[in-house]
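Novice: predicted model and sequence follow; I will ask about them next.
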Amino acid sequence: MTNLREWSSTQNEPSEQEHITIPQNQIDSMDKKGRFSSYLRSTLMGSSGSFLSKYFEKESLLSLLRKGVVRVLSVGPTPNHIAFILDGNRRFAQSLNLKEGDGHKIGFLSLMSMLKYCYEMGVKYVTIYAFSIDNFKRKPHEVQNLMDLMLEKIGESLEKESIVNNFGIRVHFIGNLMLLNEQVRAAAKKAMAATAKNDKAVLSICVAYTSTDEIVHAIQESYYEKQEETNELNSNDIGVHNGFVEKNPNDIKVTDIERHMYSAFAPDPDVLIRTSGETRLSNFLLWQTTHCHLYSPSVLWPNISFWHLVWGILNYQKVHSYLEKKRKKTF
Ligand SMILES: CC(C)=CCC/C(C)=C/CC/C(C)=C/COP(=O)(O)OP(=O)(O)O
């Protein structure tokens, strides 16, 4: 009998769903909790949308199927940390003639599904690239729309029935938060404080983030720390001793920089999934991805499905022992 992993090596990656048509009124009908009408949900799940009566039946069958697949996957190594670059939301909206900004609203729902699947699979850490420092260069109303969406969703994430509370997720906002407007910054801080005691899973949301900014910030922090320590040191303790130039014990080391990274609390990601077929890292987690498996399905972010995640993990499992060897060799 062929197991899932063997079978996968004979298959192509999940294809992009056929383009679907979502009536504008369905998007507008998204209620405050971010729920879609059942029609849109079933449409996004890949059905024709015409057999609404079978929706719940189909939903429970899918959930059973998902559970089965997760069990098979759990035979192999489960990634501890998955990072996502949510690419293609605007292109998705354009391709369906949706209002500007609707791509991101639907993208947010895909994000919720992905988080649920990841945490159900036992992935403890998820990191997402929600807004880069470069994204501030977009048209002002586009930036504003994204900030409004974030504000709304951060607020909802603290409600009792949210995914954050259901999975016991600790939320971190990572990046140069001073670049955010006051409202979003305050909401982000509130969410971090409110979830600080959650310990089942961790979600890092990179906003106003670039990797180069994170690295510069960490070097600066290390420098200030060392400066303080150096001031306390007796100048006779360093310099030339017995003909050898001794290294200043307060020189900045790689471990110092790592300690001061915004993302220092999380292990390096095992898998990075970037949608829309792009294979660039776009200044995301450059320091942390040396031994990370990159998977870039051609699907646009709002169309990402459970099967793309499964495919990404199966591919990671195939290269896992090689990556582990590489990782060990660098220490
Ligand atoms: C609360 C919260 C975390 C919300 C996040 C919502 C979300 C889906 C954010 C993605 C933002 C973004 C700038 C994606 C990249 O380009 P693009 O997808 O805008 O456009 P593209 O089609 O040009 O790649």
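Specialist: In hand now; what should we look at?
Novice: so what's the residue count around the closest residue to the ligand within the stretch 101-250 of the chain?
Specialist: Of all residues in the stretch 101-250 of the chain, G107 sits closest to the ligand, at 3.1 Å by Cβ to the nearest ligand atom. For every residue, glycine as well, the C-beta is placed using N, CA and C. With neighbours defined by other Cβ atoms under 10 Å, the count for G107 comes to 24.
Novice: give me the three-state assignment for V202.
Specialist: strand (DSSP: H, G, I helix; E, B strand; the rest coil).
Novice: now the residue nearest the centre of the chain: which helix or strand?
Specialist: Centroid-nearest residue in the chain: I128, 2.2 Å away (criterion: Cα atoms, centre = their mean). Assessed by DSSP states H and E, I128 sits inside strand 125-132.
Novice: and for that strand, what are the contacting residues?
Specialist: Identification of contacts with strand 125-132 by Cβ atoms under 8 Å, 6 or more residues apart in numbering yields 80-86, 111, 114-115, 118-119, 146, 150, 174-175, 201-210, 263, 266-267, 269, 282-285.
Novice: ranges for the helices of the protein?
Specialist: Ranges of helices within the chain are 4-9, 24-28, 38-44, 55-73, 89-95, 102-120, 140-157, 163-167, 182-194, 211-232, 254-259, 306-329, based on DSSP state H.
Novice: most neighbours per residue, which of those helices?
Specialist: Neighbour counts (mean count of other Cβ atoms under 10 Å) averaged over each of the helices of the chain peak at helix 102-120, with a mean of 20.
Novice: distance between it and the chain's centre?
Specialist: 10 Å (Cα atoms, centre = their mean, to the nearest Å).
Novice: how about stretch 283-295?
Specialist: For stretch 283-295, the distance to the chain centre is 12 Å (Cα atoms, centre = their mean).
Novice: first-to-last residue distance for it?
Specialist: The first residue of stretch 283-295 is 16 Å away from its last residue (Cα to Cα, to the nearest Å).
Novice: before we move on, what about stretch 112-128?
Specialist: Stretch 112-128: ends 11 Å apart by Cα to Cα.
Novice: and the end-to-end length of stretch 119-130?
Specialist: Span of stretch 119-130 from end to end, Cα to Cα: 19 Å.
Novice: now do the buried residues in it.
Specialist: Neighbour-count burial for stretch 119-130, with 16 or more other Cβ atoms under 10 Å as criterion, is recorded at Y119, M121, V123, K124, Y125, V126, T127, I128, Y129, A130.
Novice: any of the contacts of strand 125-132 buried? List them.
Specialist: Buried, going by 16+ other Cβ under 10 Å: 81-86, 111, 114-115, 118-119, 146, 150, 174-175, 201-210, 263, 266, 269, 283-285, out of those.
Novice: okay, now R274: neighbour count?
Specialist: 23.
Novice: leaving out the residues flanking it, which one is nearest to it?
Specialist: I85 (3.9 Å; Cβ to Cβ, 6 or more residues apart in numbering).
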